[in-house]
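Chemist: Mind folding the following:
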Amino acid sequence: MGASKIYFLIGGLVTLLATFLFSFHTYFPGVDIYGIGFMMNIPALFTSGDILVIIMTIVFIIFLLSGIFILLGVKSRVVAIIGSLFAIGVSGYFIFVFYIGMLDPQFAFMFLDDAIIEGILPLNIPIGTISIGPILLLAGGVLGLIGGIKSSDW
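Modeler: Reported below is the predicted structural model:
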């Protein structure tokens, strides 16, 4: 197995775990911003009627699949690079919104929902004002991007 395939496997698994298991931010105790919360809000977002919300919903749906795209990089590097860019972009958005405070958190609230099991799912490990989820998401996206860019000659 080549080194790039190992990057794809590790990056894809880290991205999937960060998306569905870890919290991106705790809004207040028991209410988190996380990937499964977004999945629960998808029907309401499509019925909102606001075109910008619908476009961002489609972008975030592609983001939910980014871990699978990175895992598919074992067969197609282009798919892994696309999945990595979505993971890096969304993790950058959450870092800019909650850690640096530069962007408007309007679209982050699409991910807001009650915790499934408070304190367990989503797993919340705070790092400053954000949780560990965006950091792991960024790491998985970077690993997938390294695997996609890395040639077999290295």
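Chemist: okay, CA-based contacts and neighbour counts for the rest of this
Modeler: Noted.
Chemist: List the contacts of the lowest-mean-pLDDT helix or strand in the chain.
Modeler: Every helix and strand of the chain was ranked by mean pLDDT, DSSP states H and E. The lowest is strand 25-28, at a mean of 82. Strand 25-28 is contacted by residues 32-34, 98, 112, 124, 126, 129-131, 133 when judged by C-alpha atoms under 8 Å, 6 or more residues apart in numbering.
Chemist: That one pairs with which strands, and in what direction?
Modeler: strand 31-33 (antiparallel) (DSSP bridges).
Chemist: average model confidence for the partner strand?
Modeler: Averaging pLDDT along strand 31-33 yields 86.
Chemist: Helix or strand next in line after that strand, which one?
Modeler: helix 35-46 (DSSP states H and E).
Chemist: Was I right to think Y7 contacts I146?
Modeler: Yes: between Y7 and I146 a contact is recorded at 7.1 Å, counting by C-alpha atoms under 8 Å.
Chemist: show me the contacts for G92.
Modeler: Each residue near G92 by C-alpha under 8 Å, 6+ apart is listed here: 134, 138.
Chemist: Surely it is within a helix?
Modeler: Yes: counting by DSSP: H, G, I helix; E, B strand; the rest coil, G92 is found in a helix.
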